[in-house]
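Enquirer: Quick one: sequence and predicted model below, then my questions.
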Amino acid sequence: PHNINNPHVAILPCPGMSHLIPHLELAKRLCNFHDIQVTFFVYTTEASVAQSHYLNSQPLPESLHVYHLPSRDISPFVTDSTDVFTRTTIIIRESLPDVQSYILSSFDNKKVDDDTSDSSTSLSPVNVLVADCFVTDSFDIADKVGIPKYIFFCPAADLFPFMIYLTILDSQVQGEFVHLKEPIQIPGCKPLPPADIVEQVRNRKIEGYKWFLHHASRFPLADGILLNTSQDLESKTIKALREDPTLRQLGTPCVYPVGPLVRAPFAEDEHYMKWLNQKPHDSVIYISFGSEGILSPEQTTELAWGLELSQQRFIWVARNPVEASSSLSVGNNPDEYLPHEYQNRINGVGLVIPSWAPQVEILSHSSVGGFLSHCGWNSTLESIFHGVPMIAWPLYGEQRSNAAMLEEEIGVAVRVKVKSDNGVVGREEIAKLVRLLMEEGNEDNDHKDFHLRTRAKQLQKLMIQAVNEGGSSYNSLSEIANEWKTGCNLV
Ligand code: UDP
């Protein structure tokens with residue numbers, strides 16, 4: 001399996017499911033379609049149950065070697081008030097020496113093709129490093145051993161020009177970006193309303209901001225950027241990154257749109273699938289807020305009522321409002337946090353999943369015709385890839401700008417309105433939007449101008465074309481794989 005004539009790429013994501021998932025897809029595609037051997041690093045420090053379940057539930061290519069970085073004690077460096085982003089950065093920092101040891105040891109091994117062992121000793125020296133956008137400190141390791149370093153940027157590509165330009169904004173803007181009166185002008189891109197800016201820059205006083213800026217300022221050091229998007233989705237941003245003089249001058253590396261990297265459904269015989277099998281085509285709306293999204297108790301109640309009032313079929317990943325965890329938690333009982341008798345009342349029409357759902361399997365099911373989503377980029381790509389239109393309900397991260405893009409530019413989503421007095425989305429608003437989305441296409445629907453479903457199906461075709469052999473994203477990944485082969489003198 002480890003052909004020494006193939007380059008050996010080390011892929012280093014950030015901790016967390018929403019980074020692991022697309023990085024693993026990248027790794028699988030490189031192995032399966034482009035003759036690359038991959039070492040894929042995963043963290044065991046504070047890892048969720050969902051992570052090991054995910055890694056164990058799918059067949060991986062033989063040329064993909066998963067290396068579990070040893071668990072490190074980060075308690076001396078964090079307190080209860082440490083923000084999530086800083087915490088993640090510390091986990092990475094404490095694991096980088098192990099990454100370095102692994103890469104160095106790959107150079108000590110002879111180039112032998114050993115197909116009996118999957119330990120690092122069977123691998124040839126690492127030729128290329130592909131790091132997540134928040135793991136840019138690993139570049140120092142690549143420099144030390146003299147190999148090229150790339151970023152796999154897994155959020156929407158439109159965050160990239162913002163990050164490249166952030167060093168300028170940081171020096172020009174006094175005070176908080178969120179308090180700016182005018183949209184932020186990013187060269188070559190559409191103006192960004194301050195209300196939609198990414199979480200990590202909403203408070204410039206916290207340590208997380210400094211880390212975010214640190215990584216952004218290191219982007220120009222990369223030899224290239226792989227983007228989890230396609231020409232059809234973000235052509236304007238891709239053009240700006242390639243051609244805008246200011247972005248070029250700031251050192252934007254060469255970009256390769258290789259997405260959407262979305263995993264194929266596994267054959268899971270869950271009872272959710274059986275439930276879905278009994279429902280008509282495009283008749284069920286799926287509701288989920290990603291790997292970390294938790295609603296307040298009040299919002300959970302409004303959503304429960306909104307779904308019931310809509311009288312549409314639904315499947316809802318309803319997390320416990322007080323439990324901030326993405327683990328496949330045991331003993332999580334929705335009856336404790338949903339309205340009284342709720343699950344009995346919705347029986348047959350709605351289905352509640354307590355913590356972690358097989359999302360790709362659900363979105364790819366023909367009975368699912370809508371997605372109420374927090375607009376995390378992976379969820380967005382999975383929805384579009386399966387032709388499912390969305391209700392956009394952004395919560396954190398860069399989800400607000402994703403939601404704006406989906407509604408205003410891509411045209412596959414309608415965005416919820418949050419009440420200005422209490423920040424909650426009311427049950428009437430939820431019921432109205434769910435009906436609007438799910439009844440689209442019905443003869444007696446008043447909203448004849450509402451074409452989200454048609455647009456989603458159109459885009460689905462384009463997405464599939466892009467990643468299939470001969471498509472633009474497929475070719476982009478081929479191009480970079482060939483560059484790696486040439487760089488290693490392997491072609
Ligand atoms: N996911 C899942 N089941 C869940 C929740 C999330 O499989 O119950 C997966 C989802 O399919 C996606 C990822 O976790 O691939 C979440 O990533 P996204 O970027 O959408 O959101 P984030 O977790 O970063 O908020």
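Expert: Perfect, thanks for sending it. Note that this is a predicted model, so its numbers are computed, not measured.

Enquirer: Could you confirm whether stretch 352-366 reaches the ligand?
Expert: Yes: Stretch 352-366 comes into contact with the ligand (Cβ under 6 Å from any ligand atom), by way of Trp356, Ala357, Gln359, Val360. (Glycine included, C-beta is placed from N, CA and C.)

Enquirer: again but with stretch 148-165, I slipped
Expert: No: judged by Cβ under 6 Å from any ligand atom, stretch 148-165 stays clear of the ligand, getting no closer than 7.8 Å.

Enquirer: now do stretch 411-428
Expert: No: Stretch 411-428 stays clear of the ligand (Cβ under 6 Å from any ligand atom), getting no nearer than 13.5 Å.

Enquirer: and the end-to-end length of that stretch?
Expert: Separation of the first and last residues of stretch 411-428 by Cα to Cα, to the nearest Å is 23 Å.

Enquirer: pLDDT of it, averaged?
Expert: Average pLDDT, stretch 411-428: 92.

Enquirer: any idea how far that stretch is from the chain center?
Expert: Per Cα atoms, centre = their mean, to the nearest Å, the displacement of stretch 411-428 from the mean C-alpha position of its chain is 23 Å.

Enquirer: all strands of the stretch 1-150 of the chain, in order?
Expert: Using DSSP state E, counting those that start in this stretch, the strands of the stretch 1-150 of the chain run over 8-12, 37-43, 64-69, 128-132, 149-153.

Enquirer: need the contact list for the residue in the stretch 301-450 of the chain positioned nearest to the ligand.
Expert: Nearest residue of the stretch 301-450 of the chain to the ligand: Gly376, at 2.2 Å (Cβ to the nearest ligand atom). Residues near Gly376 by Cβ atoms under 8 Å, 6 or more residues apart in numbering: Ser18, Gly290, Ser291, Gly293, Gly397, Gln399, Asn402.

Enquirer: Just the element for the last one, please.
Expert: It stands for Asn402. Using DSSP states H and E, Asn402 sits within helix 399-404.

Enquirer: Touching that helix from outside, list them.
Expert: Helix 399-404 has contacts (Cβ under 8 Å, 6+ apart) with 156, 158-159, 192-193, 195-198, 374-377, 380, 392-394, 413, 415.

Enquirer: Go through these and flag which are in strands.
Expert: Judged by DSSP state E, strands contain the following of these: Ala392, Ala413, Arg415.

Enquirer: related to what we said a few turns ago, would CSV of the strands of the stretch 1-150 of the chain with distance to Met463 and mean neighbour count be doable?
Expert: Output for those, formatted as CSV (distance: least, Cβ to Cβ, whole Å; neighbours: other Cβ atoms under 10 Å):
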stretch, distance to Met463, mean neighbour count
strand 8-12, 22, 26
strand 37-43, 24, 24
strand 64-69, 24, 19
strand 128-132, 22, 26
strand 149-153, 18, 25
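
Enquirer: And the furthest pair within the contacts of Gly376?
Expert: Farthest apart among the contacts of Gly376 by Cβ to Cβ are Ser291 and Asn402. That separation is 15.1 Å.

Enquirer: What score does the spatially most central residue of the chain have for pLDDT?
Expert: Geometric centre of the chain, nearest residue: Asn378, 3.5 Å, by Cα atoms, centre = their mean. What the model reports for Asn378 is a pLDDT of 98.

Enquirer: Relative to Glu408, how far out is Asp158?
Expert: Distance, Asp158 to Glu408, using Cβ to Cβ, to the nearest Å: 12 Å.

Enquirer: In terms of neighbours, single out the busier of those two.
Expert: The neighbour comparison of Asp158 against Glu408 (other Cβ atoms under 10 Å) goes to Asp158, with 25 against 11.

Enquirer: can you pull the contacts of that one?
Expert: Cys189, Glu234, Thr237, Ser401, Met405.

Enquirer: Same question for Lys181.
Expert: Taking Cβ under 8 Å, 6+ apart as the test, what Lys181 contacts is Pro194.

Enquirer: Then the one 5 residues further on?
Expert: When contacts are counted by Cβ under 8 Å, 6+ apart, Ile186 is found next to Pro161, Phe162, Tyr165, Leu192.

Enquirer: Tell me where the model's unsure across this structure.
Expert: Applying pLDDT under 70 to the chain flags residues 1-4, 109-123, 268-269, 323-331, 441-450, 489-491.

Enquirer: hmm, the longest helix anywhere in it touching the ligand?
Expert: Longest helix in the chain by number of residues (criterion: DSSP state H): helix 84-108. No: shown here: helix 84-108 not in contact with the ligand (Cβ under 6 Å from any ligand atom), separated by at least 11.4 Å.

Enquirer: Tell me how far stretch 373-392 lies from the chain's centre.
Expert: How far stretch 373-392 lies from its chain's middle: 11 Å, per Cα atoms, centre = their mean.

Enquirer: Could you do stretch 281-291 as well?
Expert: Computed by Cα atoms, centre = their mean, the separation of stretch 281-291 from the middle of its chain amounts to 17 Å.

Enquirer: Start and end of that stretch, how far apart?
Expert: End to end - Cα to Cα - stretch 281-291 spans 27 Å.

Enquirer: Show the contacting residues for the residue lying closest to Asn468 once chain neighbours are set aside.
Expert: In this structure, Asn468 finds its nearest non-sequential neighbour in Tyr474, 6.1 Å apart by Cβ to Cβ, 6 or more residues apart in numbering. Applying Cβ under 8 Å, 6+ apart, we find Tyr474 in contact with Phe33, Ala466, Val467, Asn468.
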